[in-house]
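Trainee: Here is my input; please provide its structure:
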Amino acid sequence: MPRRCAIVLTLWIVSGLMTGCGEGEPPLPPRPATKAKTATTICLLAGQKGAPYFTHAAEGALEAMENTGGIELKYDGPKDISPAKAATIIEKWTQEGADLIAVSPDGSKAVADAMRSARENGVRVIAWGATSQADTSDFCVTPAGTQRIASAIVETLIKDLGAAPNGEVAVITTTMEDSNRLALIEATKARLQQAGLNVVDVKPCNDNSGLAGQAAKTLIDSHPKLRAIIALSPAALTGAGQTIRRIGKTSKICLTGLAGPGEVRTYIMDGTVKSAVFWNPKDLGYLTMKLAIALVKGKFNSGDKSLQAGRLGTRTVTDDALLLGDILIFNKDNVNKFDF
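Mentor: Numbering: from 1, shown residues only. Here you go, the predicted model:
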């Protein structure tokens with residue numbers, strides 16, 4: 001199956017994205033059998049193109065392709081986390097005859113249906129960054145399990161609260177439609193309850209920092225006894241941080257959650273945030289591409305228990321899920337040591 005061709009590294013920038021197809025429409029036509037291909041095509045779909053997280057992941061994917069011949073990489077994604085637009089991109093790649101599509105799933109029916117249709121049309125599909133429904137992908141590449149991420153967030157919060165870690169906690173998430181985020185919220189709630197902390201409210205922000213800031217203000221005004229806010233995305237954390245800083249609540253509200261050092265650095269250095277939890281998105285993109293390359297070259301198959309992942313070494317596969325497994329905690333002591 002491998003073709004020895006020149007390396008083609010192409011990042012497609014699509015500014016005008018079409019809307020998605022509705023239910024009940026006919027399935028996509030099969031790929032033309034006569035199409036001449038000069039390279040194997042791997043497509044990487046971002047959950048939100050332009051967001052630093054996905055840009056860093058794409059950089060990691062490109063790094064993974066170094067010294068790999070005969071592979072063309074296409075990269076795209078909706079700029080507004082629209083499930084319909086994400087589904088349209090998947091459908092377009094399927095019609096173009098992609099060999100493999102790696103999707104950052106959002107838990108929506110539109111994206112799941114597009115992934116399922118791609119597989120039905122002979123395209124290999126993997127999910128990356130989060131798990132997906134079993135029939136929508138061949139493999140999943142995830143930072144860590146939901147329970148481990150929830151535990152890391154809560155343990156960080158407890159440490160940051162210091163003595164007597166009890167009271168009211170609120171959560172700012174991306175959307176209430178993403179099944180992966182809902183699972184993380186439930187896991188976080190359970191872990192907080194075990195620690196004697198109570199979640200009093202959950203607000204979505206559509207992964208928009210401005211909306212996250214508004215949500216933080218509403219939460220603080222609505223819950224006078226609020227002790228902490230957990231933000232489940234970089235945009236949620238930075239937006240909440242801006243509001244807490246602006247209204248002078250840095251000593252009253254403990255803010256933590258999911259964000260990389262690049263997004264949270266200024267908030268950590270000025271004391272708005274004591275600690276944040278994340279992983280290296282470059283490594284996640286790198287691992288995703290290493291798996292994709294192994295799959296299209298026939299060097300990895302369902303049932304294999306490990307993957308040789310270049311500079312990341314051997315990574316374990318459990319139930320067709322490949323874990324990055326490296327949870328990072330950022331604080332004043334180490335945040336300036338990271339460059340992503």
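
Trainee: if I've got this straight, residue 187 is in a strand?
Mentor: No. Secondary structure of residue 187 (DSSP: H, G, I helix; E, B strand; the rest coil): helix, not part of a strand.

Trainee: wait, it sits on residue 146?
Mentor: Yes. Using C-beta atoms under 8 Å, residue 187 is in contact with residue 146, at 5.1 Å. C-beta: built from backbone N, CA, C; applies to glycine.

Trainee: what helix or strand is residue 218 on?
Mentor: Using DSSP states H and E, residue 218 sits within helix 209-222.

Trainee: for that helix, which positions count as buried?
Mentor: Within helix 209-222, the residues that count as buried by 16 or more other C-beta atoms under 10 Å are 209, 211, 212, 213, 214, 215, 216, 217, 219, 220.

Trainee: who are the neighbours of that helix, in terms of helices and strands?
Mentor: Packed against helix 209-222 by the contact rule (3 or more C-beta pairs under 8 Å, 6 or more residues apart in numbering; DSSP states H and E) you find strand 167-173, strand 197-204, strand 226-231, helix 234-246.

Trainee: Residues touching it, excluding its own?
Mentor: With C-beta atoms under 8 Å, 6 or more residues apart in numbering as the contact definition, helix 209-222 has outside contacts at 170, 172, 201, 203-205, 226, 229, 231, 235-240, 242-244, 247, 249, 253.

Trainee: quick one: contacts for residue 263?
Mentor: 52, 234, 237, 238.

Trainee: With residue 49 instead?
Mentor: By C-beta under 8 Å, 6+ apart, the residues touching residue 49 are 75, 76, 77, 78, 79.

Trainee: quick one: average pLDDT of whichever strand or helix holds residue 41?
Mentor: Using DSSP H and E, residue 41 sits within strand 40-45. Averaging pLDDT along strand 40-45 yields 97.

Trainee: do the same with stretch 322-332
Mentor: 92.

Trainee: shouldn't residue 179 be in contact with residue 109?
Mentor: No. Between residue 179 and residue 109 there is no contact under C-beta under 8 Å: 10.1 Å.

Trainee: With neighbour numbers in mind, choose between those two.
Mentor: residue 179 (16 against 12; other C-beta atoms under 10 Å).

Trainee: In contact with that one, which residues?
Mentor: residue 107.

Trainee: okay, it: pLDDT?
Mentor: Per-residue confidence (pLDDT) for residue 179: 82.

Trainee: Write the PyMOL selection for whichever of the contacts of residue 49 are buried.
Mentor: In PyMOL syntax, the buried subset of the contacts of residue 49 is picked out as below (16+ other C-beta under 10 Å):
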select buried, resi 75+76+77+78
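
Trainee: tell me which of the contacts of residue 49 is nearest to residue 93?
Mentor: Using C-beta to C-beta, residue 76 comes nearest to residue 93 of these, at 8.3 Å.

Trainee: Show me what that closest one bridges to in the sheet.
Mentor: Applying DSSP bridges to residue 76 gives these bridge partners: residue 45.

Trainee: and it, how far is that from residue 149?
Mentor: To residue 149, residue 76 is 27 Å away according to C-beta to C-beta, to the nearest Å.

Trainee: Appreciated, that's everything.
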